[in-house]
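>>> Would you be able to build a 3D model of this:
(chains A and B, ligands or ions: 2)
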Amino acid sequence: MGGKATRVAFGEALLKVAAKNDRVVVINADLGKSTNTVKFVEKYPDRSFNVGVAEANMIGIGAGLALEGWIPFICTFAIFVAGRFETIRVSVAYNHANVKIVGTHAGIGIGEDGYSQMGLEDIALMRSLPNMSVIQPGDAIETERAVEYIVEHEGPVFLRLTRQKVEDVNPPDYRFEFGKGVIVDAARGEGRDLTIMATGGTVHNAREAARELRSQGLDVRAVNIHTLKPIDEELVLDSVQRSGRILTVEDHGLHGGLGGAVCEVVAERGEGVVRRIAVRDFGESGDPVALYKKFGLSIDNIVAEAKKLLKTK
Amino acid sequence: MPQVAADIQRLKKIAQELRVDVIRILTEAGSGHPGGSLSAVEIITALFFHKMRHRPDDPFWSDRDRFILSKGHCTAIYYATLAKAGYIPQEELFTFRKLGSRLQGHPYPGPPDRRVPGIEAATGSLGQGLSIAIGMALAGRLARKAHRVYPLLGDGECQAGQVWEAAMLAPKYRLDNLCAIVDQNRIQNDDFVERTLSLEPFRAKWEAFGWHVIQVNGHEISEVVQALEDVEGVKGKPSVIIAGTVKGKGVSFMENNPEWHGKAPTREEAERAVQEILAAPL
Ligand SMILES: Cc1ncc(C[n+]2csc(CCOP(=O)(O)OP(=O)(O)O)c2C)c(N)n1
Ligand SMILES: [Mg+2]
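Ligands and ions are numbered 1, 2, ... in the order given. From the prediction side, this is the model:
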């Protein structure tokens, strides 16, 4: 796999935004190497805090700093922070504390470490909080633009990042628009047969699957939903109007992620069929590519699921 | 040789073999956690090959002592031990961390119809094992059983709040069938514990919470064995053995180096490591 891990792009972007905004502070919980905040810590020791292996405490400290006007980025694996859900719920969300929650190691894409380290329920949890925004960039440039946006955004944000490298899916002059989905291919289809919606580490495979289906004469487009909350309702409705069908693809559990969010919009405001490709059951250890195949996130399986969906009326 | 000394010699030999296994299976897996596996070798050896009452050929025997790897990332030493004790086939070690394996990156007991022998509880999210152990100790008491529960914690792990919620609780229920062990190797993921968040005065904290504390050199098997014997005589309160260890013990280039918390050796590094381990006097 080429490209760059979005967690790496995050570490680089963080340095850039910190140079411009001295209210940016970072809190680590003994995973600075993994979340790529080490350079920030070296450069801005006074604006860095390491609380040890103590995520709930990290969340609360972030809330306190935010309530005093700082912009804390609290950084660990997605599941270790989302796992302290009720602490986030009250200390961050209910306080309207301007905390930026950075969760790396999204999904089964982390590979060998297995389920306990995989963020697989984090989108569902974070999406359920009234004022929490949820952003998952699909490549390095989008991560950088998203981080620039997040610093300016007033209110709590959950930023979900990959451990593994992801291919570029956006052009170098890419502009990030909060809450707006992106049609990912220059030679894009109109989506008269199908729209495939993906997020984060699966956007690349969704784009390749759409290309493959177009080469077989089908009018399929791929959409990158980088903002999971608020989701781009207009684009979801537009997609379902075009073909009556949406296929969602995500490296997250089946419930409450991108697929769930799209279903909510379609059920309430649209008409059509949604098919979800997501991680069913617990994840497991293995090589990331083999895991993507086993759990159905490979290009081949996206194509196959798209064809099944196209057969439904 | 008197019998005790002979037994210690036997345990030292096992510990040496387990160190080699740790290196080999991590190299084969291509990822994993050598540092905290190597620091825990003597602790786990003393438990599985000396102290614990268990039956690898009857792994779900209800009177067995329970071991919980609360520092769940140290699966390399855990699985090597389970194989040597006879819970799982030796060849299975080479499926560690591979797709479809029962030997997950972090401990997973499997679904009810396919339990993995020797694995009592899922761990890997630090801070949870001591609470599970308390539950099992309470269960043992409820069932009027005599078995003991041995959770193994990391020192970095002891920064987690849940550890201290559990630490506060166990003395309330006078759980003398509970013996926690802390692998105090003084390193966590990113750095040294002391530079991250000091736990000191560590011993005094446990004592203040109401625990019987024994400190040992965690690489002196005879000391670990003795401590495990001694705690059985402690009544009315839980015990904790604080084992002073060296992270990466036995492999010079891994010893006391945070770099080796979570990466596998290359084949060449592994060969050097194995030679060193085998050359060390028992
Ligand atoms: C709740 C939680 N937070 C973070 C991690 C990531 N992590 C894995 S190992 C580790 C350091 C553990 O250090 P220590 O407990 O001292 O273990 P040892 O030195 O014995 O390897 C961290 C932070 C985790 N597994 N669980
Ligand atoms: Mg340690």
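
>>> Now B:Lys51. Nearest residue, chain neighbours left out?
Once flanking residues are discounted, B:Lys51 sits nearest to B:Leu228: 4.4 Å by Cβ to Cβ, 6 or more residues apart in numbering or on different chains. All C-beta atoms are positioned from the backbone trio N, CA, C, and that covers glycine.

>>> Angles on the backbone of the one you found, please.
phi -60, psi -30 (degrees, to the nearest 10).

>>> I figured it was touching B:Ala46, is that so?
Yes: counting by Cβ atoms under 8 Å, B:Ala46 is a contact partner of B:Leu228 at 6.1 Å.

>>> Comparing the two, which shows the higher neighbour count?
Taking other Cβ atoms under 10 Å in any protein chain shown, B:Leu228 and B:Ala46 do not tie; B:Ala46 has more neighbours (30 against 23).

>>> Who are the packing partners of the helix ranked longest in chain B?
Within chain B, and with DSSP state H defining each element, the longest helix by residue count is helix B:3-29. Where contact means 3 or more Cβ pairs under 8 Å, 6 or more residues apart in numbering or on different chains; DSSP states H and E, helix B:3-29 is packed against helix B:34-39, helix B:41-46, helix B:75-85, helix B:221-231, helix B:267-279.

>>> these two touch, right, A:Thr76 and A:Ile59?
No: judged on Cβ under 8 Å, A:Thr76 makes no contact with A:Ile59 at a distance of 9.7 Å.

>>> shaky segments in chain B?
For chain B, residues meeting the criterion pLDDT under 70 lie at B:1.

>>> repeat that with 90
By pLDDT under 90, the low-scoring segments of chain B are B:1-6.

>>> What's the end-to-end length of stretch A:76-93?
End-to-end distance of stretch A:76-93 (Cα to Cα, to the nearest Å): 18 Å.

>>> Show residues contacting it.
Contacts to stretch A:76-93, defined as Cβ atoms under 8 Å, 6 or more residues apart in numbering or on different chains, come from residues A:28-29, A:31, A:34-35, A:55-56, A:58-60, A:62-63, A:66, A:74, A:97, A:99, A:101-106, A:116-122, A:125-126, A:129-132, A:156, A:158, A:160-161, B:125.

>>> Now for A:Lys20: which residues touch it?
A:Lys20 touches nothing, counting by Cβ under 8 Å, 6+ apart.

>>> what's the pLDDT at it?
Looking at A:Lys20, its pLDDT is 98.

>>> Now it: phi and psi?
With angles defined as degrees, to the nearest 10, A:Lys20 sits at phi -90, psi -20.

>>> what about the longest helix of chain B, distance to the chain center?
Put simply, helix B:3-29 sits 14 Å off its chain's centre (Cα atoms, centre = their mean, to the nearest Å).

>>> and what of stretch B:119-133?
That offset, for stretch B:119-133, works out to 12 Å (Cα atoms, centre = their mean).

>>> likewise stretch A:128-148?
Offset of stretch A:128-148 from its chain centre (Cα atoms, centre = their mean): 6 Å.

>>> low-confidence ranges in chain A?
In chain A (pLDDT under 90), the answer is A:1-2, A:185-189, A:312-313.

>>> Repeat the analysis, applying 80 as the threshold.
Where chain A drops to pLDDT under 80, the residues are A:1-2, A:186-188, A:313.

>>> what does it put close to chain B?
Within chain A, the positions near chain B by Cβ under 8 Å from any Cβ of the partner chain are A:28, A:30-34, A:38, A:50-54, A:56-57, A:79-80, A:83, A:111-117, A:284-287, A:290-291, A:294.
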